[in-house]
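Engineer: give me the fold of what follows.
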Amino acid sequence: MSLGPAHPDLLEQIRAAVAAVPDPEIGLALGDLGMVRDVALDGGAVKVRLALTVPGCPMKDRIGRDIASALTGLDGVDRVEVDFQAMDADERDAIAGGLRGPGDGEQFFADGRTTVIAIASGKGGVGKSTVTVNLACALAAAGKRVGVIDADVWGFSVPRMLGLTGPPTGFGGMLFPLQAHGVKAVSVGLFADESTPIVWRGPMLHTAVRQFLADVHWGELDVLLCDLPPGTGDVPISLAAMLPTARVVVVTTPQEAARTVAERAGRMAANACLRVCGVIENMGSFACPCCGEETPIFGDGGGDALARSLGVPLIARIPVALALREAGDRGEPLVVADPGAPASVAIARAARRLLVLARPSRRGALTGFESEPRAAHAGAHAQGRS
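Structural biologist: I've put the predicted structure just below:
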């Protein structure tokens, strides 16, 4: 980098400030990515030469603003100019090689630093994706670094619920997840029109899931949520092999028919060596907005019965709420739009409990309910009502 004609101490401050600005998509500092080519200071005018990872980067203007903002407070800086150029293919490949996902090519997030939670259901229509997205946003609001994999390839809905439109930026065989409400996410829906059917079978599904893990730069995550397709098909089996530390939460409605199907999904997960750590009952009773009387539209007790059958706690009971559906349809999850709503409160409480229930201990077992004898779960069911 050029030392400039004057102000060597100020120039060093400028260089450090520019190098520390994070890339808004990759999340790493511009200096660590080798994007800062030159910094010059002439009087009070600063000129920064920056190499973008891809030509026409959609984040170019934001990067320029972030650099200007980082330098605004420095005494002696009057004007900032950023000159953009693009990296060549070899430079991009070098960066991509250092950003590969945390795995050995076959298993991912196995070091225990990221809590991996798969959200499963026996059948569609029980609100599994709604629960996933709202849990993710609740965890992000609590200060956690959160990612979501929309593994429901046929019925993808995470992009709409988070208000995301793609496709993601990529180079050197790497993709960078889109972000909304503090949550990083990838989905087949970012590459396809909502009305386009995805007609894939086993091998293609396996490849897609693997790419979401191996070829996406997730960065440092505290929690990774995986929105599974309903049922007991290829995707859960693939994830069981690729995510050995994953814990499973089964979503059901109170309806007996939904409960029995959800039990199959829970038992399949256990058979595939994925540990089920809890049940979430969605679409519980409906409170009349006029008189407050509660009506169990979809029945009562399904979540409790499923939790007892699987030997795990009932983590939460989420009430039927029109606002929950409306918020998802407009891309602003309810826990973001109205964190004080009863459904939001129930989801936020579930998110906090999951951090305990799904966290691996140093011995490889789970803390919380999973480390207790099965008989101890009786008291946990009652807590699901609080």
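
Engineer: every contact and neighbour count from this point should use C-alpha atoms.
Structural biologist: Noted.

Engineer: which helix or strand in this protein has the lowest average pLDDT?
Structural biologist: When each helix and strand of the chain is scored by mean pLDDT, DSSP states H and E, helix 378-383 comes last, with a mean of 39.

Engineer: and what about Gln85, helix, strand or coil?
Structural biologist: State at Gln85, reduced to three classes by DSSP: H, G, I helix; E, B strand; the rest coil: strand.

Engineer: check contacts around Ile63.
Structural biologist: Taking Cα atoms under 8 Å, 6 or more residues apart in numbering as the criterion, Ile63 is in contact with 23-24.

Engineer: ok, now with 10 Å
Structural biologist: Taking Cα atoms under 10 Å, 6 or more residues apart in numbering, we find Ile63 in contact with 21-24, 30, 50, 52, 57, 69, 82.

Engineer: do the same with Gly27
Structural biologist: Applying Cα under 10 Å, 6+ apart, the residues near Gly27 are 21, 33, 176, 217-220.

Engineer: then Glu332?
Structural biologist: Applying Cα under 10 Å, 6+ apart to Glu332 gives the contacts 133-134, 137, 160-163, 180-181, 324, 326, 338.

Engineer: filter the contacts of Ile63 to the buried ones?
Structural biologist: In the contacts of Ile63, burial by neighbour count holds for 21-23, 30, 50, 52, 82, counting by 16 or more other Cα atoms under 10 Å.

Engineer: quick check: phi and psi on Asp227?
Structural biologist: phi -90, psi 100 (degrees, to the nearest 10).

Engineer: check the burial of it by counting its neighbours.
Structural biologist: 27 (other Cα atoms under 10 Å).

Engineer: equivalent analysis for Glu256, please.
Structural biologist: 18.

Engineer: residues touching it, list them.
Structural biologist: Counting by Cα under 10 Å, 6+ apart, Glu256 makes contact with 262, 298-303, 305-306.

Engineer: okay, it: pLDDT?
Structural biologist: Looking at Glu256, its pLDDT reads 90.

Engineer: center of this protein - which residue?
Structural biologist: By Cα atoms, centre = their mean, the mean C-alpha position of the chain lies nearest to Gly147, the distance being 2.0 Å.

Engineer: quick one: that one is in a strand?
Structural biologist: Yes - with three-state DSSP as the criterion, Gly147 is part of a strand.

Engineer: on the strand side of things, show who it bridges to.
Structural biologist: Taking DSSP bridges as the rule, Gly147 bridges to Lys184, Leu224.

Engineer: for it, give me its contacts.
Structural biologist: So Gly147 contacts 116, 136-137, 140, 177-179, 182-186, 218-226 (Cα under 10 Å, 6+ apart).

Engineer: now do the same end-to-end measure for stretch 212-225.
Structural biologist: One end of stretch 212-225 to the other measures 12 Å (Cα to Cα, to the nearest Å).

Engineer: one step back: which one of the contacts of Gly27 has the most neighbours?
Structural biologist: Most neighbours among those, by other Cα under 10 Å: Trp218, with 26 neighbours.

Engineer: quickly note the distance from that one to Val248.
Structural biologist: Distance check for Trp218 against Val248: by Cα to Cα, it reads 20 Å.

Engineer: continuing past whichever strand or helix holds Asp304, what's the next helix or strand?
Structural biologist: Using DSSP states H and E, Asp304 falls within helix 302-310. Proceeding N to C from helix 302-310, the next assigned helix or strand is strand 314-317, under DSSP H and E.

Engineer: what number of residues lie near the nearest residue to Phe298 once chain neighbours are set aside?
Structural biologist: Distances taken as Cα to Cα, 6 or more residues apart in numbering place Gln255 nearest to Phe298, at 5.2 Å, with adjacent residues excluded. Gln255 has 20 neighbours, counted by other Cα under 10 Å.

Engineer: now, the contacts of Ile63 that are in strands?
Structural biologist: Those of the contacts of Ile63 mapping onto strands are 50, 52, 82, per DSSP state E.

Engineer: nearest to Arg15 among those?
Structural biologist: If you rank the ones in strands among the contacts of Ile63 by distance to Arg15 using Cα to Cα, Leu50 comes first, at 12.1 Å.

Engineer: bridged to that closest one, which residues?
Structural biologist: Beta-bridge partners of Leu50, as defined by DSSP bridges: Val36, Phe84.

Engineer: per-residue confidence at it?
Structural biologist: The confidence metric pLDDT takes the value 93 at Leu50.

Engineer: the one 4 residues further on now?
Structural biologist: For Val54, the pLDDT comes out at 77.

Engineer: sec struct for Ala208, please.
Structural biologist: Ala208 - assigned by three-state DSSP - is helix.

Engineer: and it, how far from Val335?
Structural biologist: Going from Ala208 to Val335 by Cα to Cα gives 29 Å.

Engineer: who has more neighbours out of the two?
Structural biologist: Neighbours were counted for Ala208 and for Val335 using other Cα under 10 Å; Val335 has more, 25 against 18.

Engineer: Ala270 versus the more buried one, what's the distance?
Structural biologist: For Val335, the distance to Ala270 (Cα to Cα) stands at 30 Å.

Engineer: what segments of the stretch 251-386 of the chain are helices?
Structural biologist: With helices called from DSSP state H, counting those that start in this stretch, the stretch 251-386 of the chain shows them at 256-271, 302-310, 322-329, 334-337, 342-357, 378-383.

Engineer: name the residues of the third one that are buried.
Structural biologist: Along helix 322-329, these residues count as buried under the neighbour rule (16+ other Cα under 10 Å): 324, 327-329.

Engineer: please state the offset of that helix from the chain centre?
Structural biologist: Centroid separation for helix 322-329 versus its chain: 19 Å, with Cα atoms, centre = their mean, to the nearest Å.

Engineer: what's in contact with it?
Structural biologist: 127, 129-131, 133-134, 157-163, 286, 332-338, 341, 343-344.

Engineer: next one: the shortest one
Structural biologist: Residues external to helix 334-337 that are found in contact with it (Cα under 10 Å, 6+ apart): 130, 133-138, 141, 161, 181, 321, 323-328, 331, 340-348.
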